[in-house]
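J.: Predicted structure and sequence below. I'll ask about it afterward.
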Amino acid sequence: MLEAGLFLLLLGLGCSIVLAFASRAFYVWEDPKVLAITDALPGANCGGCGNPGCASAAEAIAAGNSSASICVAGGFEVAQAVGEIMGETVEEREPEFSWTSCSYGVGKAEPRFTYNGASDCQAAVMLYGGSKVCPIGCIGLGTCVKVCQFGALSIGDDNLPLVDYNRCVGCGACVDACPKNIVSLTSQTKRIVSEYVTDECTAPCQRACPTGINIPGYINEIRKGNYEEALRVIKEKCPLPLICGYICPAPCELNCRRNLVDEGVAINPLKRFVADHEMAANKHIDPYKCADNEIKIAVVGGGSEGLTVSYYLARLGYQPTIYEAKPELGGILRYVIAEDRLPRHVLDHDIDGILKMGVEAQTNAVMGRDFSPFGLLKDGYDAVLIAGGGFDSRKILQDFQDKGDAAIPGVLMMLDFLAAIAQDHKIEVGKHVVISDAGIKTLEVARKCLELGAGKVTIVSDQPISSLPLEFQDSKALASDGIEIKAFSTIAAIGGIGDRMDRVAIEDRDLSGDIETKRSIIDADTLIISTGRLPEMAFVHAAGKPEVEGEKIRWQTIETFRTFPSDGQRGLLSSPEPGRISDSSAVVKSILSGRRLARALHQHFTDGVITPVLRLTCEASYVLDVSEIDGVSPSNRETPPVSDVEGDSKRVWIFPKELPGLDENKTTREAERCLRCGLICYEKNR
Amino acid sequence: MEYIVLVITAVLVKNILLAQYLGNCPFLGTSKRMDTAIGMGVSVIFVMTIATAITWVVQYSVLVPLKLEYLQTIAFILVIAALVQFVELFLKKFAPPLYSALGIFLPLITTNCAIMGVALLVILKGQTFPEAVLFAVASGVGFTLALILLAGIRERLEVSAVPMALRGAASGLIMAGLMSLAFFGFVGVDGSLKALIQ
């Protein structure tokens, strides 16, 4: 008994001595912060932050490699707790959430075969990419549901994942698990700046809409009677729903799939109905708006493009101010379009809605006379946008060349240049002239510039050298004259100091390598643009923050929209139509330009670079579609009344004072006609 | 040659999990996913080997000389527990990658009955030190084999249409039972092998 007790005592003592010694000898120092942070983190090990688990996230935070707010699952409270441990202040971030793009589950979508294997999406995709005809359709076996640690996902009755937005923390585990990219992580901001890509589920009408309104989405809301929600869907892509409802040429209706059986859905009258509904209630629905940041942006031009860019900038949290030369905002909408087509109270309602988002406006402010982009930059604006839009944008350059500040120094239109020479007017060019586009008159202009005292002329063309006219191909002879050809290149930006332009960035269009090495900056002080219009330009501080050299500010422009060269649009002045990202032939097209300008500026201020949109959906791109539909019975399109406008049933008003819209009954019936199309799916048995 | 028979016996015929039913707790607990099953298996091989080696030494150089064999169980528990703690500290200092890989499994198996069982079995069988160590390694491998097999089955069950009432642990137990039946097919193989050698 005694010896047994003694033995165990000794054994225990021996073990504890060894362990005590070991814990000292093998001591590993651990940062107490790591332990504290690990405790503060939710411990879900979801991997949403990019680290394999909460413990390694804590290490990364403690080591200073990650910010205190990397935890996506914990949200702002956890970020604050971690920030306290690290002694950092954390800012509230915009929450992200899962978004599912497929709306026709297995059973409703066109099947290729019946799958009867392991009930797991990743297993199912291995068999010919899934059982649906649609290559991007949801398989509905719920792999995303299994990986969600927060119980935010479930498979609904229609075999599609349902997101519980109250539970979703935006960790992205489902995004990684989904083999079909049905689930993606998005935020309100991302949705505002997004563009449609070819491998995304879009309806034909949506692709035809220049600004890409989610048409099936809003018609579905109308069908359910949620008029305000419908308007919110529209305002994600179009801030002027009422104006569009009156005057949009509605290319969407021509592309409506119902045209294959009867007539396209009256998409635009439906839009007008919800917008009219808002106006009748005399209020403006409030869409999502990000927390304000301190970035001030001046938008030159108060037309549809300027209004749109200001609206989206305001929604993204910026502080836009519109500078409009005319006494009132609206541009062509107010001063050109007949009041019979677009009543002024309609215009005022939509413009009010934009101003209510936090947009300031200064009217009667003329660029060159009252302000200049560089003056505004110096006055504390972080960016100045020129959204000249539909009016003759050359006026920006012409009218004020000899009054006060130069509007955009060193930039000339080739037309003006040729006209001045033909009339023997005095015209000055700088030491190094850059001419965009190699056309018939380009060499003549180049030689004239050399005569006028330019030391060197560089001609930039977006065509490869082999497709240029013959006279451009003898580069040696041209070089001896002082003319250099840069073929297959585009002008990406201009830069300067104060009211003087002194550099031009030229980018190689062949983007097979690293983008950064494709850009060369040359010292040039004159730019001659061979197009009739001035492109949209966005001036920012060259160093990212105001940098003043002897009272003058250093500036540069940024690209306003960027895709890959195969998609045609690139650079400041690029093909297919040089010098325009904008198209002012319809209000909905300039709304697109405005939204893209907002996107470019937002990317500039958040990521620093304007990223190209890969596989952008455009007219030339191939998108899966159907050429015939079955199971849909014809029904008549509802039309607004055209006669009997003023109680006289005998008279048909061709141009009535104000065209009436659809009434509520007709709207409901018309909304029911919508087939709620997807890429190849549509509602059958209607 | 005898050693080969010893290994085959420990891995297949008298598989610690499927024939001797030791360590059923981690067998069901860590067989849901393949990567945890592998982590657990490797940890068991590791701990089982050194625990058996140490307890063999404790038995023959401490307990037997002091005539305290009746304290075997309690002494082994104490020694194995201390050993695992020590190994954990050692790994943390000198092999951090191994530590983070075995990480949570090490404390889990401190007083696992499979570990304890093997330590006691080698004494019971009166094995020599090399035999004891080899038996421990082989038992660990047998444990890992059974665990990985069950994990494979359970991963498949996860995506199959299993009746609601049988999902999870219930179907796991049924699978373990069926596997155990399958392993009964090896009974007698050790005897025949021994006969073959003689």
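T.: Happy to help now that I have it. A quick note: this is a predicted structure, and the numbers were derived from the prediction, not measured. Residues are numbered from 1 along each chain as shown, chains lettered A, B, ... in the order given.
J.: and stretch A:158-169, how far out from the chain's middle?
T.: A distance of 25 Å separates the centroid of the chain from that of stretch A:158-169, by Cα atoms, centre = their mean, to the nearest Å.
J.: scratch that, stretch A:108-127 is what I was asking about
T.: 34 Å.
J.: now swap in stretch A:361-368 and tell me
T.: With Cα atoms, centre = their mean, you get 27 Å for stretch A:361-368.
J.: Check stretch B:1-21 too.
T.: Worked out by Cα atoms, centre = their mean, stretch B:1-21 lies 11 Å from the chain centre.
J.: ok, now stretch A:62-80?
T.: Distance of stretch A:62-80 from its chain centroid, counting by Cα atoms, centre = their mean, is 28 Å.
J.: what sits up against that stretch?
T.: Stretch A:62-80 is contacted from outside by A:31, A:33-34, A:37, A:40-42, A:44, A:46, A:48-51, A:57, A:60-61, A:82-83, A:85-86, A:88, A:90-93, A:95-96, A:150, A:169-172, using Cβ atoms under 8 Å, 6 or more residues apart in numbering or on different chains. (C-beta placed from N, C-alpha, C; glycine too.)
J.: Give me the buried subset of the residues you listed.
T.: Using 16 or more other Cβ atoms under 10 Å in any protein chain shown as the burial test, those include A:33-34, A:37, A:40-42, A:44, A:46, A:48-49, A:51, A:57, A:60-61, A:82-83, A:85-86, A:90, A:93, A:96, A:150, A:169-172 as buried.
J.: Please list the members of the residues you listed that lie in helices.
T.: In helices, judged by DSSP state H, the following of the buried ones among the contacts of stretch A:62-80 are found: A:33-34, A:37, A:40, A:57, A:60-61, A:82-83, A:85-86.
J.: Please give me every residue in contact with the residue in the stretch 151-300 of chain A that chain B sits nearest to.
T.: Ranked by Cβ to the nearest Cβ, the top residue of the stretch 151-300 of chain A for proximity to chain B is A:A177, at 12.9 Å. Listed by Cβ under 8 Å, 6+ apart, the contact set of A:A177 reads A:121-122, A:143-144, A:146-147.
J.: Can you lay out the ones in helices among the buried ones among the contacts of stretch A:62-80 as a markdown table showing pLDDT?
T.: As requested, these are exported to a markdown table (pLDDT from 0 to 100):
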| residue | pLDDT |
| --- | --- |
| A:K33 | 82 |
| A:V34 | 83 |
| A:I37 | 85 |
| A:A40 | 84 |
| A:A57 | 83 |
| A:A60 | 83 |
| A:I61 | 84 |
| A:V82 | 84 |
| A:G83 | 83 |
| A:I85 | 83 |
| A:M86 | 82 |
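J.: Neighbours of B:G29, how many?
T.: Number of residues near B:G29 (other Cβ atoms under 10 Å in any protein chain shown) recorded here: 13.
J.: Correction: the previous question concerned A:M1.
T.: By other Cβ under 10 Å, the residues close to A:M1 number 5.
J.: Could you do B:Q198 as well?
T.: Look at B:Q198: counted by other Cβ under 10 Å, it has 5 neighbours.
J.: Next, the contact list for it, please.
T.: By Cβ under 8 Å, 6+ apart, no residues touch B:Q198.
J.: Report the separation between it and B:V7.
T.: Here the criterion is Cβ to Cβ, to the nearest Å. By it, B:Q198 lies 18 Å from B:V7.
J.: same deal with A:N159?
T.: Counting by Cβ to Cβ, the gap from A:N159 to B:V7 is 51 Å.
J.: The top helix by length along chain B - contacts with which helices or strands?
T.: If you go by DSSP H, chain B has its longest helix at helix B:129-158. Using 3 or more Cβ pairs under 8 Å, 6 or more residues apart in numbering or on different chains; DSSP states H and E, the elements in contact with helix B:129-158 are helix B:2-8, helix B:24-29, helix B:34-58, helix B:113-124, helix B:169-183.
J.: list the contacts for residue 11?
T.: No chain in the question, so chain A it is. B:75, B:78-79.
J.: You answered for a different chain; I wanted chain B.
T.: Taking Cβ under 8 Å, 6+ apart, one finds B:138-139, B:141-142, B:145 in contact with B:V11.
J.: Count the neighbours of A:Y27 for me.
T.: When neighbours are defined as other Cβ under 10 Å, A:Y27 has 11 of them.
J.: before we move on, which element is it in?
T.: A:Y27 is part of no helix or strand when elements are defined by DSSP states H and E.
J.: List the contacts of it.
T.: Applying Cβ under 8 Å, 6+ apart, one finds that A:Y27 lies in contact with B:K93.
J.: ok, now how distant is it from A:L254?
T.: Look at A:Y27 and A:L254: by Cβ to Cβ, they are 76 Å apart.
J.: repeat for A:G330
T.: As judged by Cβ to Cβ, A:G330 and A:L254 stand 27 Å apart.
J.: These two: who's more crowded?
T.: Between A:G330 and A:L254, counting by other Cβ under 10 Å, A:G330 is the more crowded of the two (23 against 12).
J.: Show me which residues of chain A are close to chain B?
T.: Counting by Cβ under 8 Å from any Cβ of the partner chain, chain A comes close to chain B at A:3-4, A:7-8, A:11-12, A:15-16, A:18-19, A:22-23, A:25-28, A:118-120, A:123, A:141.
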